[in-house]
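Q: Next input, structure requested:
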Amino acid sequence: MDHIVNRRKNIFSARRTTSVAVAAAALAGATTLTATGAQAAESQPKDTVWNLGYDVAATTNVKKMNQSSSTTGFSFSTVHVEKGTLSSDLMLKDLKTPVKLGGLQIGYATIAVEPVGKATGTIDATTHKVTQTQKAYLHIKDLSPAGHGLINLVGKNCKTSAPVEIPVSGTMKGGFDPIALSGNFTIPSFTGCGTGGTLNKLVTKQVSGPGNTITLKLTPRA
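A: Sure, this is the predicted structure:
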């Protein structure tokens, strides 16, 4: 009888030992998986994204024309904080500017800034300096003699022969503070101006060249 009791005790003890071993192995496996998952999470680079909207006030000065023009618009920007990169969609209303020749106003030009893709740039995490470049065609949609608004001397296809590269820079003081950006740019030659391009050389002579400036004031949208 005693040997039967002892045998049952041994079987129970073996089962309990086996159960404890299985539980310990399962716990160890779970701990290992948790640690591995935590390490994988820690190895993933952090990517905080800000989506920001701004009202834009823009002023440009074309050196050859010695003429400043202002317009307004808006910009939607995506900022990757840890990466220090940004991209923006910039949309500006057409500019209306007087056209002078020899100091005399001879008409008015309507100019559109037609972006090519997004503006791209960087933000320095230490200095908060913003640098950004926008590529865009300058399209003279209309050039009308003074007093004759129905006549368009340059036609509908008068624009720069290549996109203008417009680099700007400034300091971002805070996410809800206005940002002032400024830069210089070169205007390429023009094409498609007048019937059969007859005014290409004249427009290029009067407008194209280096030393042009732009300032942008970006105010966060409410």
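Q: what secondary structure does residue 202 sit in?
A: Following DSSP: H, G, I helix; E, B strand; the rest coil, the label given to residue 202 is helix.
Q: residues in contact with the nearest residue to it once chain neighbours are set aside?
A: Excluding the flanking residues, the one nearest residue 202 by CB to CB, 6 or more residues apart in numbering is residue 193, at 7.6 Å. Yep, even glycine has a C-beta here, placed from its N, CA and C like the rest. Residues in contact with residue 193 (CB atoms under 8 Å, 6 or more residues apart in numbering) are 140, 154-155, 157-158, 199-200, 202-203.
Q: Grab the CA positions of the longest strand belonging to the chain and hand them over as CSV.
A: For the chain, the longest strand by residue count, based on DSSP state E, is strand 129-145. Backbone C-alpha positions of strand 129-145 (Å, rounded to 0.1, in the frame of the first residue of the first chain) are rendered in CSV as follows:
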residue,chain,number,x,y,z
LYS,A,129,16.9,79.1,-39.4
VAL,A,130,14.6,78.2,-42.3
THR,A,131,15.9,77.8,-45.8
GLN,A,132,13.5,76.9,-48.7
THR,A,133,13.5,76.9,-52.5
GLN,A,134,10.5,77.2,-54.8
LYS,A,135,10.7,76.6,-58.5
ALA,A,136,8.1,78.5,-60.6
TYR,A,137,7.5,79.9,-64.0
LEU,A,138,6.8,83.6,-64.3
HIS,A,139,3.9,84.0,-66.7
ILE,A,140,3.1,87.4,-68.1
LYS,A,141,-0.6,86.7,-68.7
ASP,A,142,-1.4,90.2,-70.0
LEU,A,143,0.5,93.3,-71.0
SER,A,144,-1.9,96.1,-71.9
PRO,A,145,-1.1,99.6,-73.1
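Q: Do me a favour and average the pLDDT over it.
A: Confidence over strand 129-145 (mean pLDDT, whole number) is 96.
Q: got it, and stretch 172-189?
A: Average pLDDT, stretch 172-189: 90.
Q: Between its first and last residues, how far does that stretch reach?
A: Criterion CA to CA, to the nearest Å; first-to-last residue distance in stretch 172-189 is 34 Å.
Q: what's the helix or strand for the residue nearest to residue 202?
A: Here residue 193 sits in a region with no helix or strand, counting by DSSP states H and E.
Q: Now it. Its backbone dihedrals?
A: Residue 193 adopts backbone torsions of phi -100, psi 120, taken as degrees, to the nearest 10.
Q: pLDDT value on it, please?
A: Predicted confidence (pLDDT) for residue 193: 97.
Q: rewinding a little: top of the contacts of residue 193 by neighbour count?
A: Greatest neighbour count in the contacts of residue 193, by other CB atoms under 10 Å, goes to residue 140: 27 neighbours.
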